[in-house]
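S.K.: Provided below are the primary sequence and the corresponding predicted coordinates.
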Amino acid sequence: MQYFLYARKSTDVEDKQVLSIEAQLSELRALAKQEQLNVVEVFVEKKSAKMPGRPIFIEMMARIQKGEAQGIICWKIDRLARNPVDGGQIQWLLQNGTIQHIQTHDRAYYPADNVLMMSVEFGMANQYIRDLSVNTKRGLREKARQGIYPSSAPLGYVNNPRTKTIAVDRRTAPVIRKAFEMYAENKYRLEDIANFLHQNKISTRATRRWSSDGGKPHSKDQMTWMLSNPFYYGHFKYSGEMYEGKHTPLIDKRLFDRVQEVLKLRGKKKALKNSPQVFCGLLSCDSCDSSITAEKQKGHVYYRCTRKKGICTEPYVREEMLDFQLSEILARFVLPPEWAAELNRLADKDEKETSQIAAASVQEMRSKIASLDGKIARITDLFVDQDIERDVYLERRHALMSEKRSLQEQSLLLERDVAVWLEPMREWINEAQALTGIAQSQDYPSKKSSLQKVFGSNLTLHAREARGAPQNQWLSLAQAKTDFPKMGLISTVVRRVGFEPTNAYSGMVYSHHPLTTWIPTRTWLL
């Protein structure tokens, strides 16, 4: 009688195997020599038997059915099968005599034996693997409830084998944080982010199947997954449920939300816009409201109406003339140094007064967070009692946890910087002071950016003349400079109505010529 020797070890639970492949082969060869069994071939497989479809096992069984061997030598019967499909095949071939003998290290199986004993052994092997799966999943869920992500660490983190937790990777974490910041600016594509990571030595890894496939930039889908992974701000999703993690976040939720907005925006395909010259996109035609385009003729750049809305008689204007006009307009919104000093003094005073208000706001946020904790606990109880469906529970819990995280970050920011709302004011003061140099320079991009801040989309071109209505604080600044001789510094800079303009000045239009400044006769006072 000829025998096949079969040795198997599950690669996914190597640390729980009783004997290694080498040990099995050594013991089984000694057993075959002792029992004088003729081994014609050895089959070695490194794959779990919990599911049907093992290629080495399938090949061995096919050759047995062809008559190449009549017996099997294995360490234990569960080495052959841990699922009812493979177990049933072995039992059937043993009963009909195709397999005449199965020898393990502690017993032998023959066609005449009681089938109940083998069925019980195969059933126990199958139940063991099922219990192992259930217990493992339960342990992973408990680990997730404790705030520990029970899986491989994402980019920027590493798995700590000693503590069984996830820690920040000091080398890659700053790069991942920078990638989020870059994408939030809405200036970079997913391919650009992947290339940025690749340049900083964060690339794909080789796999067992494709050992030479590593060291390449990540795909767009991998970048989308990374940028939309809540793990980076402190939460993680496991088995469809959101958990609060104990790991160190790489970014705050505000940055994460900005990235999600960019992902959503870039998910919609938009037509590419061509801006051949710097002032394109800054002005519109005063007559027909079409956009202004530019073209080069005889070495000079000319701006004109696109006439996309019909016939328009507005003439061309040379770039040099347009630049002169825009510089003259911009110079009118320069903030005098003494005004800037007074506004900074008032901002410093407000910063001191807001500390008391901030304390009350933080306390209110903490109350809301406690209320959200109560709601999360109640909805969890409803789900455990089977009063609501799983989908409704997961959706509601995710929303509550997201709201809680936002409040936690708002509270933290408010405690850390109670006067953060004053920063835009200080930035505007600096920008208004810097307009002197920008207006006198030939830095067209900076000039365009400053004009967009002052006028928004309100700049028009009429009869070769640029004109427009300034926005909000810029309008107030222009009117304050006009009223200064009458009212004095303090009364001019800080009116009782605040620094925002009243409706009385909402119709003011500025051009490069002082005589074209116009205030409508009909006004609406607050």
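M.R.: Nice, thanks for sending it over.
S.K.: any regions of the stretch 351-500 of the chain where pLDDT drops low?
M.R.: The stretch 351-500 of the chain contains residues with pLDDT under 70 at 417-420, 484-500.
S.K.: quick one: contacts for Gly456?
M.R.: Gln471 (C-beta atoms under 8 Å, 6 or more residues apart in numbering). To be clear about C-beta, it is placed using only N, CA and C from the backbone, and glycine gets the same treatment.
S.K.: for Pro470, see how far away it is.
M.R.: 9 Å (C-beta to C-beta, to the nearest Å).
S.K.: for Ala112, same thing?
M.R.: In this view, Ala112 and Pro470 are 102 Å apart by C-beta to C-beta.
S.K.: so what are the domain limits for this protein?
M.R.: In terms of domains, the chain is parsed into 2-141, 157-266 (source: automatic domain parsing).
S.K.: make TSV from the ones you listed and add mean neighbour count, mean pLDDT and distance to Lys296 to it.
M.R.: Formatted as TSV, those follow (neighbours: other C-beta atoms under 10 Å; pLDDT from 0 to 100; distance: least, C-beta to C-beta, whole Å):
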stretch	mean neighbour count	mean pLDDT	distance to Lys296
domain 2-141	16	86	65
domain 157-266	16	88	27
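S.K.: with distance to Gly374 added, can I get those domains in CSV?
M.R.: Shown next, in CSV, are those (distance: least, C-beta to C-beta, whole Å):
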stretch, distance to Gly374
domain 2-141, 23
domain 157-266, 15
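S.K.: pretty sure Ser446 contacts Ile438?
M.R.: Yes - look at Ser446 against Ile438 with C-beta atoms under 8 Å: they come within range, at 5.2 Å.
S.K.: which one of those two has more residues nearby?
M.R.: Ile438 (19 against 15; other C-beta atoms under 10 Å).
S.K.: does that one really touch Leu330, like I thought?
M.R.: Yes - here Ile438 reaches Leu330: they are 6.7 Å apart, a contact under C-beta under 8 Å.
S.K.: can you list residues touching both of those two?
M.R.: Taking C-beta under 8 Å, 6+ apart as the contact rule, Ile438 and Leu330 both touch Lys447, Ser450.
S.K.: count of residues packed around the nearest residue to Pro315 once chain neighbours are set aside?
M.R.: Counting by C-beta to C-beta, 6 or more residues apart in numbering, Arg464 is the residue found nearest to Pro315 once chain neighbours are left out, at 5.8 Å. Arg464 has 14 neighbours, counted by other C-beta under 10 Å.
S.K.: with the one 10 residues further on instead?
M.R.: With neighbours defined by other C-beta under 10 Å, the count for Trp474 comes to 23.
S.K.: need phi/psi at the residue nearest to Pro315.
M.R.: phi 60, psi 20 (degrees, to the nearest 10).
S.K.: ok, it - contacts?
M.R.: Here Arg464 is in contact with Pro315, Tyr316, Val317, Met321 (C-beta under 8 Å, 6+ apart).
S.K.: can you get me a residue count around the first one?
M.R.: This means Pro315. 11.
S.K.: surely it and Ala463 touch.
M.R.: Yes - between Pro315 and Ala463 there is a contact at 7.2 Å, judged by C-beta under 8 Å.
S.K.: quick one, helices of the stretch 151-300 of the chain?
M.R.: According to DSSP state H, counting those that start in this stretch, the stretch 151-300 of the chain carries its helices in the segments 173-184, 190-199, 220-227, 253-266.
S.K.: what helices or strands is the shortest one leaning on?
M.R.: With contacts defined as 3 or more C-beta pairs under 8 Å, 6 or more residues apart in numbering; DSSP states H and E, the packing partners of helix 220-227 are helix 173-184, helix 190-199, helix 253-266.
S.K.: list of residues touching the first one?
M.R.: Read that as helix 173-184. By C-beta under 8 Å, 6+ apart, helix 173-184 touches 155-157, 188, 190, 192-193, 196-197, 200, 202, 226-227, 232, 250-251, 255-256, 258-259, 262-263.
S.K.: recalculate using a threshold of 6 Å.
M.R.: Identification of contacts with helix 173-184 by C-beta atoms under 6 Å, 6 or more residues apart in numbering yields 155-156, 188, 193, 200, 202, 227, 250-251, 255, 258-259, 262.
S.K.: from those, which is closest to Leu413?
M.R.: Taking C-beta to C-beta as the measure, Leu413 lies nearest Leu255 of these, at 12.1 Å.
S.K.: roughly how far does that closest one sit from Glu59?
M.R.: Taking C-beta to C-beta, one finds Leu255 at 54 Å from Glu59.
S.K.: and the pLDDT at the closest residue to Gln452 other than its chain neighbours?
M.R.: Once flanking residues are discounted, Gln452 sits nearest to Leu282: 6.7 Å by C-beta to C-beta, 6+ apart. pLDDT recorded at Leu282 is 89.
S.K.: look up how far Thr293 lies from Leu282.
M.R.: Taking C-beta to C-beta, one finds Leu282 at 11 Å from Thr293.
S.K.: and these two? which has more neighbours close in?
M.R.: Each of Leu282 and Thr293 has its neighbours counted (other C-beta under 10 Å); Leu282 has more, 24 against 19.
S.K.: what's the spacing between the more buried one and Asn472?
M.R.: For Leu282, the distance to Asn472 - C-beta to C-beta - is 18 Å.
S.K.: do the same with Ile193
M.R.: On the measure of C-beta to C-beta, Ile193 and Asn472 end up 35 Å apart.
S.K.: cool, and Ile176?
M.R.: Distance from Ile176 to Asn472, by C-beta to C-beta: 38 Å.
S.K.: and Ser133, by the same measure?
M.R.: Counting by C-beta to C-beta - Ser133 and Asn472 are separated by 63 Å.
S.K.: also Lys47?
M.R.: From Lys47 to Asn472 the distance is 69 Å (C-beta to C-beta).
S.K.: mind exporting stretch 82-97 as CSV, just the C-alpha atoms?
M.R.: Output of stretch 82-97 as CSV, limited to C-alpha atoms (Å, rounded to 0.1, in the frame of the first residue of the first chain):
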residue,chain,number,x,y,z
ARG,A,82,-11.4,22.0,9.8
ASN,A,83,-14.5,22.5,7.6
PRO,A,84,-17.5,20.2,6.9
VAL,A,85,-16.8,20.2,3.1
ASP,A,86,-13.3,18.8,3.2
GLY,A,87,-14.2,16.6,6.2
GLY,A,88,-17.1,15.1,4.4
GLN,A,89,-15.0,14.3,1.4
ILE,A,90,-12.4,12.4,3.5
GLN,A,91,-15.1,10.5,5.3
TRP,A,92,-16.8,9.4,2.0
LEU,A,93,-13.5,8.3,0.4
LEU,A,94,-12.7,6.3,3.5
GLN,A,95,-16.1,4.7,3.6
ASN,A,96,-16.1,3.6,0.0
GLY,A,97,-12.5,2.3,0.2
